[in-house]
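Visitor: Fold the stuff below for me.
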Amino acid sequence: MLRVSGTVEIREVQLASLAAGRLVRLLKDEGDTVRQGDTLAVLEQPGLDALITQRRAQAKAAGLRTAEVAAAQADSARAANDLARAEPLRRQNIVSQQQYEALKAAATAAAARLAAMRAAPSESVAAGAALAVTLSTRDQLTVLARDDGVILTRYTEPGEVIAAGTPVASLGLVHRPWIRAYVGERFIARLKVGQPATIRVDGYPDRPFAGRVAEIASQAEFTPRAALTERERADLVFGIKVEPDSGDAGGRLKAGMPVTLELPLLP
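Guide: Here you go, the predicted model:
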């Protein structure tokens, strides 16, 4: 059994808006617990609401024009059919030349009106797409928590103008901790990814936590930043990552907490 010292780490997520705007509300502060989907910050863009109203009106008008195109198609087809039926009747002098010319003019006018309105369906699609883009921009001005966690750092204050992609706050995923540790090169060949590990914490001497080796570094290093003992700092070591079993830590493993790992060595 190999025993090594390690440190509890947590994943950190930078939360940002995909659209630029002015921060008007910051609903969470450092240390606050959040749930997935909670609103963390709200930004605004001057004139965006007016633009949405305008594009909704344009989309509605384009939709009405699309309905008018269907009516124009029916009118054009009816006028063409009337003209086609009148052609043999004109040759038989059943329909006068004046009546025939009137039907021909009506068919020509209906076809011309239809041709002028054929762009309406594409205009409707374009107007709908423009409205969808604007609504998406408005949605991106609200920053939501992507997972359960704790706010670690807030980077901005209300009233600041924030560029797209600028972090508003960082979220620590405290329910998914992991252990960083270092193993000497003489032992690394006797470890493998996926093998079980036992995590022991001084604060819970009678409560070991089960875990597994999630990663083994492919490159050795000297003097690792997080090495805890003088011997480790002098050795050639490989970094490993150990993840506690899901739900087993129960929120007891906190970031920065020193732990001891017990790793069964392979033959």
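
Visitor: Please work out the average pLDDT along the helix or strand containing Ala77.
Guide: Per DSSP states H and E: Ala77 is located in helix 48-91. In this model, helix 48-91 has a mean pLDDT of 72.

Visitor: ditto for stretch 211-222
Guide: Rounded mean pLDDT across stretch 211-222 is 86.

Visitor: now stretch 9-16
Guide: Here the average pLDDT along stretch 9-16 is 89.

Visitor: Can you show me the strands along the protein?
Guide: 2-16, 21-26, 33-34, 39-44, 142-144, 149-154, 161-162, 167-184, 196-201, 204-216, 237-244, 258-263 (DSSP state E).

Visitor: Buried residues in the fourth one, which are they?
Guide: It refers to strand 39-44. Across strand 39-44, burial judged by 16 or more other Cβ atoms under 10 Å covers Leu40, Ala41, Val42, Leu43. Just so you know, the C-beta spots here come from the backbone N, C-alpha and C atoms, and that holds for glycine as well.

Visitor: Kindly reformat these as CSV containing distance to Pro196.
Guide: Written out in CSV, the entries for those read as follows (distance: Cβ to Cβ, whole Å):
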residue, distance to Pro196
Leu40, 37
Ala41, 41
Val42, 46
Leu43, 46
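
Visitor: Can you tell me which of those is closest to Arg25?
Guide: Top of the list for closeness to Arg25, among the buried residues of strand 39-44 and by Cβ to Cβ, is Val42 at 4.3 Å.

Visitor: So that closest one is in contact with Thr142, correct?
Guide: Yes - between Val42 and Thr142 there is a contact at 5.5 Å, judged by Cβ atoms under 8 Å.

Visitor: next one: phi and psi at Asp245?
Guide: phi -60, psi 150 (degrees, to the nearest 10).

Visitor: And the residue in the chain sticking out farthest from the centre, how far from Ala86?
Guide: The C-alpha centroid of the chain is most remote from Asn93, which lies 72.7 Å away (Cα atoms, centre = their mean). Per Cβ to Cβ, to the nearest Å, Asn93 is found 12 Å from Ala86.

Visitor: Hmm, Ile240 and Tyr182 touching each other?
Guide: Yes - shown here, Tyr182 and Ile240 form a contact pair, counting by Cβ under 8 Å, at 7.2 Å.

Visitor: Tell me, please, the helix or strand in the protein that averages the lowest pLDDT.
Guide: In the chain, no helix or strand scores lower on mean pLDDT, DSSP states H and E than helix 230-234, which sits at a mean of 55.

Visitor: Can you tell me the number of residues neighbouring Gln140?
Guide: 16 (other Cβ atoms under 10 Å).

Visitor: show me what contacts it?
Guide: Going by Cβ atoms under 8 Å, 6 or more residues apart in numbering, Gln140 touches Ser17, Leu18, Ala19.

Visitor: Please flag which of the residues you listed sit within helices.
Guide: Nothing among the contacts of Gln140 maps onto helices, per DSSP state H.

Visitor: and the residues you listed, which are buried?
Guide: Burial of these was assessed by neighbour count (16+ other Cβ under 10 Å); the buried members are Ser17, Ala19.
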